[in-house]
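Asks: predicted model follows, preceded by the sequence.
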Amino acid sequence: MSAERSILLSFATLIGLASLSSAQQSLESAFRTTGAEVVAAFDTPRQVLQTSSAVIEQGRTQLAYGMVVSSDGAILTKASEIEGKTGLTVRVDRQAFDEVEIVAVDPVWDVALLRVDADDLVPVEYIDEDAGDLQHGTWVVANGATSRLARRALGGVISANAREIPAAGGAVLGLVMEVTDDGVRVEEVVEGSGAERAGLEKGDILVAIDGMVVGIPEDIIEAMGERSAGESIQLRYLRDDGEHDVEVPLIAREELFAEQMMTRNDMMSGAFSKRRSGFPRVIQHDILSNRSTVGGPLLDLDGRCVGMNIARANRAESFAIPAAEVREIAARLMDGEENS
């Protein structure tokens with residue numbers, strides 16, 4: 001029986017059960033959205049999730065999912081969910097790996113390349129067509145909850161056109177500044193910002209950004225231009241011991257000031273992703289997820305990879321990087337690994 005027919009029969013049964021009695025207020029558990037009968041309709045992609053998705057953990061805490069991109073142990077996952085974490089472990093199918101190396105990170109896409117010691121993993125199979133052309137209502141499948149041994153599939157549909165998701169609030173350095181007689185002075189370095197990572201300190205005087213001299217805040221705004229989260233800028237600053245040049249990664253304002261920018265909708269959205277904007281192109285679907293269940297593959301009903309789940313945006317929207325872009329990211333990061 002085809003996957004499409006199986007799903008139609010499951011939902012026909014669901015509708016029939018719902019109409020048995022006007023007094024009946026809920027379906028039997030097996031026929032609910034995540035029930036056994038409905039989930040069984042997605043068995044083909046579930047088997048792919050079992051062999052080609054990974055569970056990324058720290059101790060007993062699940063951090064994210066991942067997707068296998070080579071038989072020799074290359075796995076992609078969401079970078080911001082594992083940032084700063086140590087002692088990572090990875091489970092693929094029924095294999096467990098205690099030695100996990102973070103090989104490379106693409107900050108623009110928020111994707112990390114992990115490496116485990118393996119030679120028999122099953123990489124995902126990408127679709128040939130552009131996932132951005134998938135029609136609204138097209139069925140897709142992703143990881144739901146997982147046990148120690150088995151993956152669980154959740155189904156949903158494509159719910160919006162492929163598009164860019166700009167950094168909410170713009171991309172920022174993470175500096176609070178004031179104008180003094182000496183120039184633009186750093187008054188505060190925001191914790192967790194790119195500026196903090198680059199080593200800037202209170203009292204530093206900003207001199208130039210990407211070679212453009214800055215003397216007033218408006219100069220900084222102009223120098224930043226239309227930069228995106230994940231990009232980096234070259235910043236020159238003055239300290240007591242002289243001038244210094246550093247590379248500062250930019251972060252989405254929403255990510256850096258999440259609590260201050262939280263909306264009422266956010267408050268009702270559960271554990272959405274730490275970074276959920278600033279992506280060059282995504283496909284959107286409605287599969288229920290949270291910040292610890294992104295990072296894995298998004299599949300069609302034949303088990304082919306149409307994308308990589310990259311963010312739970314809110315209670316109704318999940319984003320995935322389209323397959324063509326995922327393939328390019330994986331190849332580039334693995335090529336960089338080989339040439340490093």
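Replies: Sure, I can see it.
Asks: tell me the strands beside the longest strand seen in the chain, with direction?
Replies: For the chain, the longest strand by residue count, based on DSSP state E, is strand 151-165. Looking at strand 151-165 with DSSP bridges, its partner strands are strand 139-146 (antiparallel), strand 279-285 (antiparallel).
Asks: in a markdown table: these, plus distance to residue 247.
Replies: In this view, the C-beta of every residue, glycine as well, is placed from N, C-alpha and C. A markdown table is the format used below for the strands paired with strand 151-165 (distance: least, Cβ to Cβ, whole Å):
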| stretch | distance to residue 247 |
| --- | --- |
| strand 139-146 | 35 |
| strand 279-285 | 20 |
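Asks: closest to residue 235 out of those strands?
Replies: With Cβ to Cβ as the measure, strand 279-285 is the member of those nearest residue 235 (23.4 Å).
Asks: if we can go back for a sec, compare the mean pLDDT across the strands paired with strand 151-165 and name the weakest.
Replies: Among those, strand 139-146 has the lowest mean pLDDT, at a mean of 90.
Asks: may I have that one exported as CSV, CA atoms only?
Replies: Below are the C-alpha coordinates for strand 139-146, written out as CSV (Å, rounded to 0.1, in the frame of the first residue of the first chain):
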residue,chain,number,x,y,z
TRP,A,139,3.1,16.0,3.4
VAL,A,140,6.4,16.0,5.2
VAL,A,141,7.8,14.0,8.2
ALA,A,142,10.3,14.7,10.9
ASN,A,143,11.5,13.3,14.2
GLY,A,144,9.1,13.5,17.1
ALA,A,145,10.0,12.1,20.6
THR,A,146,12.6,9.4,20.8
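Asks: mean confidence for stretch 289-302?
Replies: In this model, stretch 289-302 has a mean pLDDT of 94.
Asks: distance between that stretch and the chain's centre?
Replies: Offset of stretch 289-302 from its chain centre (Cα atoms, centre = their mean, to the nearest Å): 10 Å.
Asks: quick check: next helix or strand after the longest strand of the chain?
Replies: Following strand 151-165 in sequence order, the next helix or strand is strand 171-172 (DSSP states H and E).
Asks: shaky segments in the stretch 201-340 of the chain?
Replies: Low-confidence segments of the stretch 201-340 of the chain, defined by pLDDT under 70, span residues 258-270, 340.
Asks: strands along that one, start to end?
Replies: 205-209, 212-213, 232-239, 242-249, 251-252, 279-285, 297-299, 305-312, 318-322 (DSSP state E, counting those that start in this stretch).
Asks: cool, the stretch 51-200 of the chain as well?
Replies: 53-58, 61-68, 74-78, 88-92, 95-97, 101-106, 111-115, 139-146, 151-165, 171-172, 175-180, 183-189.
Asks: give me the sheet partners of the shortest one and which way each runs.
Replies: Think strand 171-172. Short version: by DSSP bridges, strand 171-172 pairs with strand 251-252 (antiparallel).
Asks: which residues sit against the partner strand?
Replies: The contact list for strand 251-252, computed with Cβ atoms under 8 Å, 6 or more residues apart in numbering, reads 167-172, 174, 192-194, 229, 275, 277-278.
Asks: returning to that earlier point: of all the strands of the stretch 201-340 of the chain, which lies closest to residue 135?
Replies: strand 279-285 (11.1 Å).
Asks: circling back to that earlier point, quick check: angle from the longest strand of the chain to strand 61-68?
Replies: 80 degrees (axes from the mean of the first three to the mean of the last three Cα atoms, to 10 degrees).
Asks: domains of the chain?
Replies: Domain ranges of the chain: 3-39, 42-165+278-339, 171-255, per automatic domain parsing.
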